[in-house]
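**Student:** The following block contains a protein sequence and its predicted model.
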Amino acid sequence: MPPFAIFAQPISQLGKDTIPSGRKVFIDNIFLIGNKKTKDRIILRELSIEIGNSYSFEALEEIIIADRNKIYNTKLFNEVEVAILELDYDKVDVIIKVAERWYLFPIPLLDIIDRNFNDWWVNQDADLSRLIYGLSLYHFNMRGMNERMTVTAQFGFTKKFEVNYSMPYIDRSQRHGLSFSAKYLEYNNLHYKTEDNNRVFVETEDLLRTTLGFGVSYTLRNSFYTRHSFGINFNKNNVADTVLQLNPNYFGTGSNEQNLLKLRYSFDVDKRDIAAYPLDGYSFSIGIDHTGFGLKNSVSRTSFQTTYAKYFDLKKGFYFNSLVSVNLSTPPDQPYTLLSGLGFSNRLVRGYELYTIFAQNYFLNKSTFKKAIFRGSTKWKGMPLEQFQYIPYALYFKTYVDFGYATNTENLEGNARLSDRWLAGAGFGLDFVTMYDFVIRAEYSFNNIGESGFFLSLSSDF
């Protein structure tokens with residue numbers, strides 16, 4: 001089974017032994033089947049093939065594989081099947097059959113506030129008071145145009161009310177898009193400093209911090225695989241005197257208020273086969289942003305980020321992938337709220353999940369070698385909702401090696417142990433991949449400060 005068959009049905013086999021080398025075929029028509037809600041033009045936007053063009057048969061098969069993956073990567077469909085129907089020796093139709101996902105999810109929200117499961121389980125002693133709960137309403141593919149809206153009401157450790165709405169295409173050429181966001185957050189529990197590369201929290205019954213934020217972004221998709229994004233965000237933050245007494249540099253403004261206006265530009269190239277769990281291809285991103293612009297009670301920071309990831313299909317079920325990421329920012333002296341670095345999301349050296357290494361400048365390299373143990377799919381015939389009947393699944397065994405280096409942040413003594421030194425981690429584990437892009441990673445890692453442990457994550461390596 002080809003690697004992409006985890007997510008998509010294989011192309012119809014056409015008896016290659018009977019097809020003369022160099023045969024050219026004419027695309028007479030393209031038929032779409034199964035898109036009950038999704039507009040035809042959303043699918044056709046992803047196709048390199050065009051009606052009326054001729055292709056060598058060998059090239060057509062390769063193009064169709066790439067086009068099928070692009071359709072799947074819209075995240076609108078559970079299954080994508082492409083078949084070639086021969087009308088004549090030199091004339092074919094292309095048939096694209098899709099099975100749409102469920103697009104409206106009112107999902108009860110239950111999560112932890114900490115950076116990852118391991119941070120919560122070990123550093124916070126699995127404290128249930130650190131849970132967040134509420135309700136998130138996800139509406140994908142609104143109007144059949146791949147528009148997306150998310151509304152979240154969150155309570156518990158942190159209160160949050162947030163709305164996000166994106167329109168990937170606002171023009172007939174389907175090149176220009178817009179997205180909007182608004183949020184309001186309240187904190188009664190707040191991390192305000194770091195000790196021994198761990199965040200330290202303060203908890204009171206009083207309100208410690210509020211954040212009100214708005215954002216808008218514009219995207220230009222001028223080809224199948226590249227995107228330019230321009231964004232502007234404004235956050236208004238207020239904090240209690242209690243926090244400033246514990247950390248006078250928490251906001252860096254000398255007051256209880258912080259106003260942050262941020263402009264960002266990014267350029268992305270994504271030629272991965274399946275974005276949710278890539279096995280072949282590559283991705284590249286570069287971004288620059290500036291925060292400040294002379295607002296009252298503001299601070300100034302300029303940062304630059306770039307990431308390159310390459311995925312190799314070594315055949316016979318073996319795969320290798322590697323990522324390199326660099327982050328630079330200036331000036332070096334920043335308030336606590338603008339600090340970033342290693343240890344957040346997947347920006348970490350595996351084996352160091354329990355630590356944060358705040359750094360204005362850091363380098364990260366992650367490499368994974370894996371073998372598919374099994375892959376397949378099944379139909380849950382007893383499920384009344386068609387959108388949940390198709391269940392793909394795959395299990396991979398892997399081994400990995402990561403390296404990272406993070407320069408220490410000025411005036412942050414509790415960050416010194418793991419900064420300004422090379423960090424290394426290695427280990428082995430299992431990845432389980434299933435429906436709706438769901439990934440479970442179970443890993444046992446060793447690091448170069450003599451520690452080891454079992455770590456659980458709910459996302460791909462990178």
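**Tutor:** That came in fine, so what should we check first?
**Student:** Need the contact partners of stretch 249-266.
**Tutor:** If you take CB atoms under 8 Å, 6 or more residues apart in numbering as the criterion, stretch 249-266 is touched by 192, 217, 228-241, 243-244, 285-293, 295-299, 334-338, 411. In short, each C-beta sits where N, CA and C put it, glycine included.
**Student:** ends of that stretch, how far apart?
**Tutor:** Stretch 249-266 has its terminal residues 29 Å apart, counting by CA to CA, to the nearest Å.
**Student:** Contact partners for residue 202?
**Tutor:** Contacts were defined as CB under 8 Å, 6+ apart; by that measure residue 202 touches 189-192, 208, 242-243, 246.
**Student:** Out of those residues, which comes closest to residue 71?
**Tutor:** Distance ranking of these against residue 71, using CB to CB, places residue 191 first at 42.2 Å.
**Student:** Tabulate the CA atom coordinates of the helix or strand harbouring the closest one in PDB.
**Tutor:** Using DSSP states H and E, residue 191 falls within strand 189-195. Output of strand 189-195 as PDB, limited to C-alpha atoms (Å, rounded to 0.1, in the frame of the first residue of the first chain):
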ATOM      1  CA  ASN A 189      -3.300  32.100  38.000                       C
ATOM      2  CA  LEU A 190      -0.300  33.400  36.200                       C
ATOM      3  CA  HIS A 191       3.300  32.400  35.600                       C
ATOM      4  CA  TYR A 192       5.500  35.400  36.400                       C
ATOM      5  CA  LYS A 193       9.100  34.100  36.400                       C
ATOM      6  CA  THR A 194      11.300  31.100  35.800                       C
ATOM      7  CA  GLU A 195      13.300  29.000  38.300                       C
END
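**Student:** Neighbouring strands of it in the sheet, and parallel or not?
**Tutor:** Using DSSP bridges, the strands paired with strand 189-195 in its sheet are strand 198-203 (antiparallel).
**Student:** Give the buried residues for the strand it pairs with.
**Tutor:** Residues of strand 198-203 classed as buried: 198-199, 201-202 (neighbour count, 16 or more other CB atoms under 10 Å).
**Student:** Distance from the chain centre to it, please.
**Tutor:** The offset between the C-alpha centroid of strand 198-203 and the centroid of the whole chain comes to 27 Å, using CA atoms, centre = their mean, to the nearest Å.
**Student:** what's the weakest-modelled helix or strand in the chain?
**Tutor:** The element with the least model confidence among the helices and strands of the chain, by mean pLDDT, DSSP states H and E, is strand 104-112, at a mean of 72.
**Student:** Contacts for that one, please.
**Tutor:** The contact list for strand 104-112, computed with CB under 8 Å, 6+ apart, reads 120, 130-140, 152, 154.
**Student:** Just the ones of those in strands?
**Tutor:** Using DSSP state E to define strands, the subset of those located there is 131-140, 152, 154.
**Student:** Pick out whichever of those residues sits closest to residue 163.
**Tutor:** So of the ones in strands among the contacts of strand 104-112, ranked by how close each gets to residue 163 (CB to CB), first place is residue 152, at 7.8 Å.
**Student:** residues touching that closest one, list them.
**Tutor:** Taking CB under 8 Å, 6+ apart as the definition, contacts of residue 152 comprise 109, 134-137, 160-163.
**Student:** Show the buried residues in those.
**Tutor:** Buried by 16+ other CB under 10 Å: 109, 134, 136, 160, 162, out of the contacts of residue 152.
**Student:** so what's the fourth one bridging to?
**Tutor:** For residue 160, the beta-bridge partners are residue 154, residue 185 (DSSP bridges).
**Student:** need the next SSE after the lengthiest helix in the chain, C-terminal direction.
**Tutor:** The helix of greatest length in the chain, counted in residues with DSSP state H as the criterion, is given as helix 57-72. Using DSSP H and E, the helix or strand that follows helix 57-72 towards the C-terminus is strand 77-88.
**Student:** by contact count, what packs against the next helix or strand after that following strand?
**Tutor:** Note on strand 77-88: by DSSP H and E, the next helix or strand toward the C-terminus is strand 91-100. Using 3 or more CB pairs under 8 Å, 6 or more residues apart in numbering; DSSP states H and E, the elements in contact with strand 91-100 are strand 24-33, helix 57-72, strand 77-88.
**Student:** export the ones you listed to JSON lines and tack on mean neighbour count, mean pLDDT and distance to residue 436?
**Tutor:** Rendered in JSON lines, the data for those read as follows (neighbours: other CB atoms under 10 Å; pLDDT from 0 to 100; distance: least, CB to CB, whole Å):
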{"stretch": "strand 24-33", "mean neighbour count": "15", "mean pLDDT": "93", "distance to residue 436": "22"}
{"stretch": "helix 57-72", "mean neighbour count": "19", "mean pLDDT": "91", "distance to residue 436": "12"}
{"stretch": "strand 77-88", "mean neighbour count": "18", "mean pLDDT": "90", "distance to residue 436": "8"}
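**Student:** So which of these is nearest residue 311?
**Tutor:** Between residue 311 and the helices and strands packed on strand 91-100, the shortest gap by CB to CB is with helix 57-72, which sits at 12.3 Å.
**Student:** Where does pLDDT dip in this protein?
**Tutor:** In the predicted model, the chain carries pLDDT under 70 at residues 1-21, 107-108.
**Student:** All good on my end, thank you.
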